[in-house]
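**Q** got a predicted structure here, sequence first:
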Amino acid sequence: MNNATVHAKLVVVAAIWGLGWPAGRVVATELPPIGAAWIRYVIVVLMFLAYLKWSDQWVLPSASQWKQVALIGLFSTFMYQVLFMYGMGFTAAGDASLMITLNPLFTAFLAVLFLKERMTWRLLGGLMLALAGVAVLFLASPNTDIPTMDRWIGNTFIAGSALAWAASTIVMKRVMTQTPEDAREPLSPLHLTVWSSVVGLLILTPWASIEAQNASWNAPSLEAWIGIVFLAVFSTVVAYVWFADGIRTIGAGPAAFYVYLVPPFGILGGQRLLDETPGASLAVAFALIVGGVLLAQSKQTVSEQAS
């Protein structure tokens, strides 16, 4: 696969992830949040397991690795998906696509707390910039057709989902760099994603059952079903496989920059599909949040370290 093809696929991945926000908004306004996440991951798990078999990559975690996989499944599938669905029931797709960009900052701070990485002035400065962007989003979102308090609640849920994903990233970093005594090698990102999805689905199942007994279920519209299938097939399975190919071909750093195309696609998708209102405040919030993330991730000299 040549680099031009990989770069083209990464643009498509960014577009898919961006369009996942309006799709999530449609689904969350029609289905109970946990039930929607459960349906999504039934499809995801079946496709992931079929992909492992088809690509001859069927590798089971060891007993000790299952413990780490379970923790990743708790954070990345159960908590992330539930918070994502609750959040999308309240806020605009464009607003949410900006809030999730906080994920790298949360990851960096959790790495300081749990991986003993150094706190730096650039990390602190990046946090301040990003928080300024969040303030703009909370106080000046152009999506005034959604009640202000609803948007604030939804944005807070999405920030929580970003924190849950960051927590799973920290656990994944540990698992991918350590080989327990009962395993031959660390689990790959693909196997961690597949098996944590399986565990996450198992955790979702009893909660979805409880929700189903207490929530009123109306027949979802065709648009909601299309949204669920899109989130499962394209936003999760296809996009992950293509993004992983991009990392293997051009490296993690260059591939990661395509993630910053997600919010523009999310805002555009919200406008085109849901009649959301784009505005200058979203552009300002995007510039501040992404600027903060880039500052936090930039290299610093020893003299710039905060501690």
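**A** Ah, there it is.
**Q** list the buried residues of the lengthiest helix in the chain.
**A** Scanning the chain for the helix with the most residues, using DSSP state H, yields helix 148-177. Going by neighbour count (16 or more other C-beta atoms under 10 Å), the buried part of helix 148-177 is 151-172, 175. Bear in mind the C-beta positions are built from the backbone N, C-alpha and C, glycine included.
**Q** that helix: what's the following helix or strand?
**A** Downstream of helix 148-177, the first helix or strand assigned by DSSP states H and E is helix 189-214.
**Q** next SSE after that next one?
**A** Next along from helix 189-214, by DSSP H and E: helix 222-229.
**Q** other SSEs contacting that following helix?
**A** helix 3-28, helix 33-54 (3 or more C-beta pairs under 8 Å, 6 or more residues apart in numbering; DSSP states H and E).
**Q** and those: which comes nearest Leu295?
**A** Judged by C-beta to C-beta, the one of these that comes nearest to Leu295 is helix 3-28, at 21.3 Å.
**Q** what is the rounded mean pLDDT of that closest one?
**A** Average pLDDT, helix 3-28: 94.
**Q** just checking, what packs against that helix?
**A** When contacts are defined as 3+ C-beta pairs under 8 Å, 6+ apart, helix 3-28 sits against helix 80-88, helix 93-99, helix 222-229, helix 239-250, helix 262-274.
**Q** for the first one, name the packing helices and strands.
**A** With contacts defined as 3+ C-beta pairs under 8 Å, 6+ apart, the packing partners of helix 80-88 are helix 3-28, helix 33-54, helix 93-99, helix 148-177, helix 189-214.
**Q** export those as CSV, with columns for distance to Gln297.
**A** CSV is the format used below for the helices and strands packed on helix 80-88 (distance: least, C-beta to C-beta, whole Å):
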stretch, distance to Gln297
helix 3-28, 18
helix 33-54, 29
helix 93-99, 17
helix 148-177, 13
helix 189-214, 19
